[in-house]
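> need a 3D model of the following:
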Amino acid sequence: MQFSKFGEKFNRYSGITRLMDDLNEGLRTPGAIMLGGGNPAAIPEMLNYFHQATTEMLNNGELVSALGNYDGPQGKDTFLTALATLLRETYGWDISEKNISLTNGSQSAFFYLFNLLAGQQSDGSHKKILLPLAPEYIGYSDAGIDDDIFVSYRPDIELLDNRMFKYHVDFEQLQVDDAIAAICVSRPTNPTGNVLTDTEIVKLDQLAQDKGIPLIIDNAYGTPFPNIIFEEVTPFWNSNTILCMSLSKLGLPGIRCGIVIANEEITQALTNINGIISLAPGGFGPAIAKHMIDSGDLLRLSTTVIKPFYQERAEFAVALLQSAIHDPRFKIHKPEGAIFLWLWFDQLPISTMELYKRLKARGVLIVPGDHFFFGQKEDWQHAHQCLRMNYVQDQTQMRAGIAIIAEEVNKAYTHELTK
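I've put the predicted structure just below:
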């Protein structure tokens, strides 16, 4: 069968497809230890809350209404209004329902945004999305209809105590020229758990405004919800910012609801795209989120239940890793948010792609670091020394998985010494 240029591009087996295949395969494989994919934790208190909330919504007719009717292509009106009011009253943002649009998952939102802004332009030029700090989210890398729509920069690496480290934006190297259509960052960053400081965000915003381009912030794990963020940072938005949020990490990944907060021009463009591609975004997730806002639970549960749950799990996983792998070349990116740990095996004799294969053969699924360094001008050895590990499994699973990781890593380092 002959596919179009579009078909050939999106028929490729990409890094994000491998990740999701591993996630699905692991869920179907008895005994698999799932330390790779991005499924959020099944937090008992949140599961109970969603059970009670949907029962109440079923009894009062909200659920039937959400499932039995199309919303408009911008998304459920009542939720847009409620969210705009919440953000305006809580943070003083100059925002209304005209600044918010919904998509069927935030992955769809980034596909729309990247192709709305970057790639082949009407004047024949080609523009790119600037990622000021790589590694960056694997799901972006193949999202362009045109190839080569990303340019990314290596970070500054700050070495910390206790075999920790932290990435920072290297502003001295950063170049924002006329070929850049937008600046994009995730905060907290998937895969590393890095949180850009308020100072870094303000600098990036100023760079974007100076060039007349938007700053896109992927806030899927961030503040104010689901608030899987362990640093004190200020929620950030202005009319030049495209803030992308999600309901997935509240514990609702199956409802596929992305939220884009932007100026009215972007909102209208995304609304038009929604109408063409999907008629309208799903209404079930927004109905639940509206219920949470009305009952005062959205921000409360994010702060008092979700954040401390993940912070405790992250600290537990770090302690396990540090006690299991003693080699001083092994380091962990300081966990500042999100649901992953980023592990750096400096001078490891094998690549983390090979380590991934060895671990998969033993039933442990992780994600090798190679796929997170797209948009680079040159290959960087550091990219082949890192891996992403999900830390949300229960303690038994975490102990078993980390023990196997430690065995394979220690074996690799020891083999180097005996050669």
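
> what helix or strand is residue 190 on?
Using DSSP states H and E, residue 190 sits in no helix or strand.

> enumerate every residue touching the residue nearest to it when sequence neighbours are not counted.
What sits nearest to residue 190 in space, not counting adjacent residues and going by C-beta to C-beta, 6 or more residues apart in numbering, is residue 137, at 4.8 Å. Where C-beta positions appear, they are placed from N, C-alpha and C, glycine not excepted. For residue 137, the contact set (C-beta atoms under 8 Å, 6 or more residues apart in numbering) comprises 186, 189-191, 218, 372.

> quick one: residue 137 and residue 122, what's the gap?
Relative to residue 122, residue 137 is positioned 28 Å away (C-beta to C-beta, to the nearest Å).

> got it, and residue 148?
18 Å.

> more neighbours, these two?
residue 148 (12 against 5; other C-beta atoms under 10 Å).

> quick one: buried residues of stretch 180-193?
By 16 or more other C-beta atoms under 10 Å, the buried positions in stretch 180-193 come out as 180-193.

> from those residues, which land in strands?
180-186 (DSSP state E).

> closest one of those residues to residue 347?
Distance to residue 347 across these (C-beta to C-beta) is lowest for residue 186, with 28.1 Å.

> the closest one contacts residue 136, correct?
Yes: proximity of residue 186 to residue 136 meets the contact threshold set by C-beta atoms under 8 Å, at 6.5 Å.

> so residue 288 belongs to a strand, correct?
No: secondary structure of residue 288 (DSSP: H, G, I helix; E, B strand; the rest coil): helix, not part of a strand.

> quick one on the thing from earlier: which of the ones in strands among the buried residues of stretch 180-193 lies closest to residue 154?
Here the nearest of these to residue 154, counting by C-beta to C-beta, is residue 185; it sits at 14.6 Å.

> what segments of this protein are helices?
For the chain, the helices defined by DSSP state H cover 5-10, 15-28, 44-60, 62-68, 77-91, 106-117, 198-211, 264-278, 284-294, 298-301, 307-324, 352-361, 395-418.

> how is this structure partitioned into domains?
5-46+301-418, 70-296 (automatic domain parsing).

> which of these sits closest to residue 54?
Evaluated with C-beta to C-beta, these place domain 70-296 nearest to residue 54, the distance being 6.9 Å.

> need the distance between the two termini of the closest one.
26 Å (C-alpha to C-alpha, to the nearest Å).

> centre of the chain to it, how far?
How far domain 70-296 lies from its chain's middle: 9 Å, per C-alpha atoms, centre = their mean, to the nearest Å.

> dump the residue contacts of the spatially most central residue of the chain.
Centroid-nearest residue in the chain: residue 190, 4.6 Å away (criterion: C-alpha atoms, centre = their mean). With contact taken as C-beta under 8 Å, 6+ apart, residue 190 is in contact with 38, 137-138, 218, 220-221, 338, 340, 388.

> mind listing which of these are in strands?
Residues of those located in strands (DSSP E): 218, 340, 388.

> what's the closest of these to residue 265?
residue 218 (20.0 Å).

> pLDDT score assigned to the residue nearest to the closest one when sequence neighbours are not counted?
In this structure, residue 218 finds its nearest non-sequential neighbour in residue 186, 3.7 Å apart by C-beta to C-beta, 6+ apart. Here the pLDDT value assigned to residue 186 is 97.

> with residue 147 instead?
88.

> same question for residue 28.
Taking residue 28 on its own, its pLDDT is 53.

> what of residue 16?
The model's pLDDT for residue 16 equals 62.

> can you lay out the buried residues of stretch 180-193 as CSV showing distance to residue 7?
Shown next, in CSV, are the buried residues of stretch 180-193 (distance: C-beta to C-beta, whole Å):
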residue, distance to residue 7
180, 29
181, 24
182, 26
183, 30
184, 26
185, 31
186, 29
187, 34
188, 35
189, 32
190, 28
191, 29
192, 34
193, 36
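
> just give the number of residues close to residue 55.
Residue 55 has 11 neighbouring residues, counting by other C-beta under 10 Å.

> how about the one 5 residues further on?
If you count neighbours by other C-beta under 10 Å, residue 60 ends up with 11.

> I'd like to know how far it sits from residue 122.
49 Å.

> where does pLDDT dip in the chain?
Applying pLDDT under 70 to the chain flags the ranges 13-30, 416-419.

> apply 90 and report the result again.
The chain contains residues with pLDDT under 90 at 1-32, 34, 36-39, 63-67, 142, 147, 352, 370-371, 377, 414-419.

> you'd agree residue 406 is up against residue 327?
No: here residue 406 does not reach residue 327: they are 9.8 Å apart, not a contact under C-beta under 8 Å.

> between the ones in strands among the contacts of residue 190, which is nearest residue 247?
Nearest to residue 247 out of these is residue 218 (C-beta to C-beta; 14.3 Å).

> list the residues that contact that closest one.
106, 110, 137, 184-187, 190, 244.

> dump the residues you listed to TSV, plus distance to residue 344.
Listed next are the contacts of residue 218 as TSV, based on distance: C-beta to C-beta, whole Å:
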residue	distance to residue 344
106	27
110	26
137	18
184	23
185	20
186	19
187	21
190	16
244	27
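
> of those, closest to residue 379?
Nearest to residue 379 among these, with distances taken as C-beta to C-beta, is residue 137, at 19.8 Å.

> now do the phi/psi pair for that closest one.
Per-residue torsions, residue 137: phi -50, psi 130 (degrees, to the nearest 10).

> for residue 295, see how far away it is.
Distance from residue 137 to residue 295, by C-beta to C-beta: 32 Å.

> in stretch 52-59, what's buried?
Going by neighbour count (16+ other C-beta under 10 Å), the buried part of stretch 52-59 is 53-54, 57.

> give me the contacts around that stretch.
63-64, 66, 287-288, 291-292, 295.

> mind redoing it with 6 Å?
63, 291 (C-beta atoms under 6 Å, 6 or more residues apart in numbering).

> now stretch 60-68
Where contact means C-beta under 6 Å, 6+ apart, the residues beyond stretch 60-68 that reach it are 57, 283-284, 287.
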